[in-house]
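>>> give me a model of this one.
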Amino acid sequence: PWQPAQTKPPEYPAYTVHKDNKISYKSNVYSVPLGTYKKAKTVLLKVTYEQIIIMDHSHTEICRHELCLLKGQKILSRDHGRDKETAIVEMMEDFCNLMENKLKAINWLSQIRNDKPRYIRDQIQLLRSTVIGLDPQIASRALDYACSHNIVSATDFKAIVKSMLRENKAEDTSEVKIIQLNPLSGESRRNADTVPQQSDLDNYDEIFNQK
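Take a look at the predicted model:
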């Protein structure tokens, strides 16, 4: 009888993260993003022919570098030196300042961040572009709808806003009153519909007979 073979997940070697947010591999130093270091923190390394891939213990990629074949080299990424945590917090605050209920907005953003930690920057940028120039009441209604329906997506929030804008436009169109105008004077057709006074033809007959 056929029995499926159970394969074990690949095992990758663990390397210690130094205080300066770097790791050592074969006499070279590779940088990791700022804030990766913690006491006794280790990461996993997956090495290919061209790259070195640094992962956490759940095999989620942290970063990658081109594999250096020389010795005693420092392979650093400028992006790793940036304090991304502070930048993201500032972006969150900027978005919340555009909303009427700032407390609800920050709580909702925190849910999005927990759900999509790797894409939180893109999420905030899309939310900000959606809200800028938008009627604050519509933005608040969209936020209330997203919170009440457990929606944690900037794309879905944008779709909610578009739907509410269409509803408002439809309501405005239904309330428009059609007024027929005279194309010559621009006034209402009320004047055009006025029946002019008419003379009685018998009066003309009497005048001709007198002559």
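>>> list the contacts of the residue nearest the centre of the chain.
Nearest residue to the geometric centre of the chain (C-alpha atoms, centre = their mean): residue 126, 2.6 Å. By C-beta atoms under 8 Å, 6 or more residues apart in numbering, the residues touching residue 126 are 154, 155, 158. Heads up, the C-betas are built off the backbone N, CA and C, glycines and all.
>>> mind listing the helices for this structure?
With helices called from DSSP state H, the chain shows them at 84-96, 102-115, 120-131, 136-148, 154-174, 189-192, 201-210.
>>> domains in the protein, by residue range?
Domain ranges of the chain: 14-75, 84-173, per the TED database.
>>> which among the ones you listed is found nearest to residue 4?
Checking the domains of the chain against residue 4 by C-beta to C-beta gives domain 14-75 as the closest, at 22.0 Å.
>>> now do the same end-to-end measure for that closest one.
Start and end residues of domain 14-75 are separated by 19 Å (C-alpha to C-alpha, to the nearest Å).
>>> and that domain, average pLDDT?
What domain 14-75 shows for mean pLDDT is 93.
>>> one more: stretch 115-122?
87.
>>> so residue 66 bridges to which residues?
residue 51 (DSSP bridges).
>>> surely it and residue 48 touch.
No - using C-beta atoms under 8 Å, residue 66 makes no contact with residue 48, being 10.4 Å away.
>>> residue 75: neighbouring residues, count only.
For residue 75, the count of nearby residues is 16 (other C-beta atoms under 10 Å).
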